[in-house]
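Undergrad: dropping a prediction and its sequence here:
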2 protein chains.
Amino acid sequence: MKIYLAGPDVFLPDALAIGQRKQDICSRHGLTGLYPLDNAIDLAARDCSLHIFKGNEAMMDAADAIIANLTPFRGPGADPGTVYELGYMIGRGKPCFAYSNDPSIYVERVARFTKVTASSDNRLVDPDGLTVEDFGLSDNLMMIHALDLHGRPLLLPRKRPDDIWHDLTAFEECVRLAAGKPG
Amino acid sequence: MKIYLAGPDVFLPDALAIGQRKQDICSRHGLTGLYPLDNAIDLAARDCSLHIFKGNEAMMDAADAIIANLTPFRGPGADPGTVYELGYMIGRGKPCFAYSNDPSIYVERVARFTKVTASSDNRLVDPDGLTVEDFGLSDNLMMIHALDLHGRPLLLPRKRPDDIWHDLTAFEECVRLAAGKPG
């Protein structure tokens, strides 16, 4: 079974090494991890980003399932590029697994980035007056419930690991579930 | 033709009114706009967020296409909930249209939120050392090129409108394209 390994991991300084670690974990559980950076891309090409897109899409189409890293990225929520891939794979009817290494709920994280107040019409709002989702969920309800209904619920650590970008405990739990070995 | 109207518009204080304006524009172009807040949801129900998800997914499944508002939301990039929906609809093979009311490029916007520097290995990085995508695109390449290949390129205003949450010029241009009336 081939698993597409989605996540902002590709933006890490050691992006190749973390991809290799993830692939090694997949192998240990009898799965094949497909990692975006394994696509051969000419980074000097003018339309390099289009080649990256096409490579990632082909990899998703070749995969049987996805494991997405939804750890909050550059703001209170998950990386939109990763979320796009999660939506695409669910749209294609493939089983979806995901984890986040930050166990806090969304509304708590928004409050770390900006001021959250109660509006006169009783909504939690940010300084622009936009509602802050307050359902006690880890992130936007679309991703959370998509996983509930089209895969397995988002996996979270009990405690935020010291290194949220390199701790692969929750990732390995996703691999175990994808391999049909819960617990 | 039924169009799913995706976007963080649902978080605005006047979310119902902006939805009505979008639906009126669709009607004027012979299309039917499906707006998430038209789903009847009991907001007091314990599993309210799950009902919202199911309503939105059923609405997407009933729609022939999507117009997504990718205006940056609570950070440098698009709203992940909207991006999930864009990915889902592309996965389902439906034509996709999108706009953003902020014409700046991604790397410029990241620099508004956080410090962007050059790393020793010649990447643009944020303070966590994570690469900042620098392809001259408006947002993460996955959404931008998905639109290029599975719909129409992201529509942007020449100049950022005074009210990025209520200006519907770029939205109406998407409707025109969806209705097959370019220009």
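TA: Perfect, I can see it now. Numbers count the residues shown, from 1 in each chain, chains lettered A, B, ... in the order given.

Undergrad: how does chain A divide into domains?
TA: A:2-103+A:140-178, A:104-137 (automatic domain parsing).

Undergrad: redo those domains as a markdown table? Include mean pLDDT, mean neighbour count and distance to residue B:33.
TA: Bear in mind the C-beta positions are built from the backbone N, C-alpha and C, glycine included. What follows is the domains of chain A, written out as a markdown table (pLDDT from 0 to 100; neighbours: other CB atoms under 10 Å in any protein chain shown; distance: least, CB to CB, whole Å):
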| stretch | mean pLDDT | mean neighbour count | distance to residue B:33 |
| --- | --- | --- | --- |
| domain A:2-103+A:140-178 | 97 | 20 | 19 |
| domain A:104-137 | 95 | 15 | 21 |
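
Undergrad: got the contact list for the residue in chain A that chain B sits nearest to?
TA: Residue nearest to chain B within chain A (CB to the nearest CB): residue A:91, separated by 1.9 Å. Going by CB atoms under 8 Å, 6 or more residues apart in numbering or on different chains, residue A:91 touches B:87, B:88, B:89, B:90, B:91, B:92.

Undergrad: residue A:35 versus residue A:17, what's the distance?
TA: 11 Å (CB to CB, to the nearest Å).

Undergrad: same thing with residue A:64?
TA: Counting by CB to CB - residue A:64 and residue A:35 are separated by 15 Å.

Undergrad: pretty sure residue A:168 contacts residue A:23?
TA: No. Using CB atoms under 8 Å, residue A:168 makes no contact with residue A:23, being 11.2 Å away.

Undergrad: so what sits against both of these two?
TA: Listed contacts common to residue A:168 and residue A:23 are nil; contacts here mean CB under 8 Å, 6+ apart.

Undergrad: nearest to residue B:131, of the contacts of residue A:91?
TA: residue B:87 (21.3 Å; CB to CB).

Undergrad: so that closest one sits against residue A:82, correct?
TA: No. Assessed by CB under 8 Å, residue B:87 is found out of contact with residue A:82, at 9.8 Å.

Undergrad: which element is the closest residue to residue A:27 other than its chain neighbours on?
TA: The spatial neighbour of residue A:27 that comes closest, neighbours along the chain excluded (CB to CB, 6 or more residues apart in numbering or on different chains), is residue A:33 at 7.5 Å. Residue A:33 belongs to strand A:32-34 when assigned by DSSP states H and E.

Undergrad: pull the residues that contact that strand.
TA: A:1-5, A:19, A:22-23, A:25-27, A:59, A:62-63.

Undergrad: that strand pairs with which strands?
TA: strand A:2-6 (parallel) (DSSP bridges).

Undergrad: outside of the partner strand, which residues touch it?
TA: With CB under 8 Å, 6+ apart, strand A:2-6 has contacts from A:19, A:22-23, A:26, A:31-36, A:59-60, A:62-69, A:82, A:85-86, A:89, A:175, A:178.

Undergrad: kindly recompute the last result at 7 Å.
TA: Contact partners of strand A:2-6, identified using CB atoms under 7 Å, 6 or more residues apart in numbering or on different chains, comprise A:19, A:22, A:26, A:31-35, A:59-60, A:62-69, A:82, A:85-86, A:89, A:178.

Undergrad: any idea how far that strand is from the chain center?
TA: Averaged C-alpha coordinates place strand A:2-6 at 11 Å from its chain's average position (CA atoms, centre = their mean, to the nearest Å).

Undergrad: can I get that strand as CSV, trimmed to CA atoms?
TA: Extracted as CSV, the C-alpha positions of strand A:2-6 are listed here (Å, rounded to 0.1, in the frame of the first residue of the first chain):
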residue,chain,number,x,y,z
LYS,A,2,1.4,3.4,-1.0
ILE,A,3,0.9,6.4,1.3
TYR,A,4,1.3,10.0,0.2
LEU,A,5,3.2,11.9,2.9
ALA,A,6,1.8,15.4,3.0
